[in-house]
Structures are given as C-alpha cells and as structure tokens.
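> Fold the following for me, if possible:
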Amino acid sequence: MAEFFIENQDLIYIVVLSILLGVEVISNVPAILHTPLMSGANAIHGVVIIGAIIVMGHARSDDYLALVLGFLAVLLGTLNVVGGFVVTNRMLEMFKKKK
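Residues are numbered from 1 along each chain as shown. Down below sits the predicted model:
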C-alpha cells in the first residue's frame, strides 16, 4: 500500500490541492451566481455519465467490479443531473412574474 502512495505521490498532491482550491472557490461564490453554476455542474455530470458508459463498454464481461462501478456511476450521475435540473428550474421559477 505504501508503494502505491510513493509511486503516485505527485498525483495525490494534485488531487488534494484541487480539492482545497475547489472548496475555496465555491465557498466564495455570491448567491446570484448559484443558478448558472448549477447548470454548469449539470453539464459536467453529463460528461461523467458518458465517460462511465464508455468505461462500461470497454470493460471485459467477466470484470464485475468495473461493470458494477460503471453502472453505479451512470445511475448516480443521472440522478444528480435530473436533481440539478429540478433545483435549477425551481430557482428560476422564483424570478418569474406572477399572473
């Protein structure tokens, strides 16, 4: 296990720094920009879904771990996209004029 961390030390640093940078950036976003960011997040999750489908397509039929993880990625990504669009739609409804 220690060999893995030593061999991939540079990549682990990049992931940790990306997480810290992402938290810092998102925490400083003004409330007015949340709706456009939700739409952008939905687009990113669409790419995740496509990537998971491609990975599942290239997995061997006897590699059950890859197939199960790919299926879960597609399922959870789809739920996230649909939920994001529902929340975005509700937020936009608040700005419409009432009849």
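> Three-state assignment for residue 95, please.
coil (DSSP: H, G, I helix; E, B strand; the rest coil).
> neighbours of it, just the number please.
For residue 95, the count of nearby residues is 7 (other Cβ atoms under 10 Å). Yep, even glycine has a C-beta here, placed from its N, CA and C like the rest.
> what do you get for the one 3 residues further on?
Residues contacting residue 98 under the criterion other Cβ under 10 Å number 3.
> and stretch 9-18, which residues are buried?
Residues of stretch 9-18 classed as buried: none (neighbour count, 16 or more other Cβ atoms under 10 Å).
> now stretch 43-60
If you call a residue buried by 16+ other Cβ under 10 Å, then stretch 43-60 has these buried ones: 45, 48-49, 52, 56, 59.
> Which parts of the chain are helices?
Here the chain has its helices, by DSSP state H, at 2-7, 9-27, 34-58, 64-93.
> ranking those by mean pLDDT, which is last?
Mean pLDDT per stretch puts helix 34-58 lowest among the helices of the chain, at a mean of 80.
> what angle do it and helix 64-93 make?
For helix 34-58 against helix 64-93, the angle by axes from the mean of the first three to the mean of the last three Cα atoms, to 10 degrees is 160 degrees.
> Need the residues that contact helix 34-58.
Helix 34-58 is contacted by residues 29, 66-67, 70-71, 73-74, 77-78, 80-81, 84-85, 87-88, 91-92 when judged by Cβ atoms under 8 Å, 6 or more residues apart in numbering.
> Just the buried residues of those.
The buried subset of the contacts of helix 34-58 - by 16+ other Cβ under 10 Å - is 70, 73-74, 77, 80-81, 84, 88.
> between those, which is closest to residue 8?
The shortest approach to residue 8 among the buried ones among the contacts of helix 34-58 belongs to residue 73, at 21.4 Å (Cβ to Cβ).
> Now that closest one: closest residue in space, sequence neighbours ignored.
With Cβ to Cβ, 6 or more residues apart in numbering as the criterion, residue 73 has its nearest non-adjacent residue at 3.7 Å, and that residue is residue 52.
> State the distance from the residue minimising distance to the centre of the chain to residue 27.
Residue closest to the average C-alpha location in the chain (Cα atoms, centre = their mean): residue 45, at 4.7 Å. Separation of residue 45 from residue 27 (Cβ to Cβ, to the nearest Å) stands at 20 Å.
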